[in-house]
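no sequence on this one, just coordinates:
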Ligand SMILES: [Zn+2]
């Protein structure tokens, strides 16, 4: 018996707990799933295989202690006395929860709701009154430990990769899964192997001292995609400068190029800080910090509506906790004796 997270597009089947939503781990028998695949005829076998992925064991909650991301600390204080592997240990009987759905097991796979139905996997009720619901990943990332959201992020990306990789990109023949332990789609005609792809994307926190007061400032920009102000009191969302790495350039080059393109300034002291997988669609966010070197702020109007250096004591609305932008800004605040 093993267990899986259940996905429907970008949402995950969760249970409402006193401290928020937690993803359910639904038990299933691997032999049932395999026999359902092999019993179907060859046409439907192809479709049957889409929607079920194995997750990296090293991303599972039992490996949380090796994860150094700061967000993991947020559950330590109030749950230290009743946690197992960093997850809340639930008294199953007193909470009326089926013990197999508590969070102490580690899910080794993920499947779509449709796949679960096709393979007769027994799903917990997801009606409103059940306390279960499909919750968007973007909402979960603000409240769950980072190691768990990393696992969900991997599942989201692999399930989408499977759905989007059903034909050979060279000869258009329907592809089949490689052996169970290899993450690839193989063309039976020309043998081309297609692997999941990661898109590297740099994001940079740029600082300088306020030229008048000396207080540390950070460059923040309002992107058109964040939306326009609908009422005079609505706070506009700001973020860091970010962009995709182009084929053939280094990460440092991408930082310099993106910043020059978007806000026209030059940088010094560029240094890598940390990374975060971001499953929309399959980005690896590479977080950098840099110091302002020179140049006047001139924004790229196609992308930005406003950008400026803000005093740390007077920041606008910034990205939510759980994002790498928040972590980079929080690090700068901490170094200057402030907290977000
Ligand atoms: Zn092919």
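The structure has been received and is ready for your questions. Computed from a prediction, not measured in an experiment: that's the story for all the values here.

Residue 175: neighbouring residues, count only.
22 (other Cβ atoms under 10 Å). C-beta here means a position set from N, CA and C on the backbone, and glycine is covered the same way.

Then the one 3 residues further on?
Residue 178: 14 surrounding residues under other Cβ under 10 Å.

Kindly report the same for residue 174.
Counted with other Cβ under 10 Å, residues neighbouring residue 174 total 15.

which residues does it bridge with?
Here residue 174 sits in beta bridges with residue 167, as judged by DSSP bridges.

That one is in contact with residue 167, isn't it?
Yes: between residue 174 and residue 167 there is a contact at 5.8 Å, judged by Cβ atoms under 8 Å.

Just the pLDDT at the closest residue to residue 284 other than its chain neighbours, thanks.
Once flanking residues are discounted, residue 284 sits nearest to residue 198: 4.8 Å by Cβ to Cβ, 6 or more residues apart in numbering. Note on residue 198: pLDDT of 94.

For the residue of the stretch 201-340 of the chain found nearest the ion, which non-adjacent residue is closest in space?
Here the stretch 201-340 of the chain gets closest to the ion at one residue, residue 282, 22.1 Å apart by Cβ to the ion. Nearest residue to residue 282 in three dimensions, chain neighbours excluded: residue 157, at 4.8 Å (Cβ to Cβ, 6+ apart).

which residues does that neighbour contact?
Applying Cβ atoms under 8 Å, 6 or more residues apart in numbering, we find residue 157 in contact with 196, 277, 279, 281, 282.

Can you verify my assumption that the residue nearest to residue 284 contacts residue 282?
Yes: here residue 198 lies in contact with residue 282, judged by Cβ under 8 Å, at a distance of 6.0 Å.

higher neighbour count, the two?
Between residue 198 and residue 282, counted using other Cβ under 10 Å, residue 282 has the larger neighbour count: 18 against 11.

tell me the pLDDT at the more buried one?
On pLDDT, residue 282 comes in at 92.

swap in the one 10 residues further on?
At residue 292 the predicted local distance difference test score is 98.

Over to residue 97?
On pLDDT, residue 97 comes in at 37.

Residue 213 too?
The model reports residue 213 with a pLDDT of 97.

and the nearest residue to it once chain neighbours are set aside, bridged to which residues?
Take residue 213 and drop its neighbours on the chain: the residue closest to it by Cβ to Cβ, 6+ apart is residue 311, 7.5 Å away. Beta-bridge partners for residue 311, by DSSP bridges, are residue 217.

Tally up the residues packed near residue 311, please.
Neighbours of residue 311 under the rule other Cβ under 10 Å: 13.

Pretty sure it sits against residue 210.
Yes: with contact defined as Cβ under 8 Å, residue 311 counts as touching residue 210 (5.9 Å).

Could you tell me how far residue 127 is located from the ion?
Distance of residue 127 to the ion, given as Cβ to the ion, to the nearest Å: 44 Å.

Next, count neighbours for residue 278.
Neighbours of residue 278 (other Cβ under 10 Å): 19.

quick one on the thing from earlier: contact partners for the residue of the stretch 201-340 of the chain closest to the ion?
Listed by Cβ under 8 Å, 6+ apart, the contact set of residue 282 reads 157, 160, 161, 196, 197, 198, 199.

Surely the third one touches residue 196?
The reference is to residue 161. Yes: with contacts counted by Cβ under 8 Å, residue 161 reaches residue 196, the gap being 4.4 Å.

quick one on the thing from earlier: buried set for the host helix or strand of the residue nearest to residue 282?
Element membership of residue 157 [criterion: DSSP states H and E] is helix 146-164. The neighbour-count check on helix 146-164 (16 or more other Cβ atoms under 10 Å) flags 146-162 as buried.

likewise stretch 181-188?
Within stretch 181-188, the residues that count as buried by 16+ other Cβ under 10 Å are 185, 186, 187.

closest to the ion among those?
The closest of those to the ion turns out to be residue 187 (Cβ to the ion; 3.1 Å).

how about that closest one, what does it touch?
With Cβ under 8 Å, 6+ apart, residue 187 has these contacts: 168, 170, 171, 173, 175, 193, 194.
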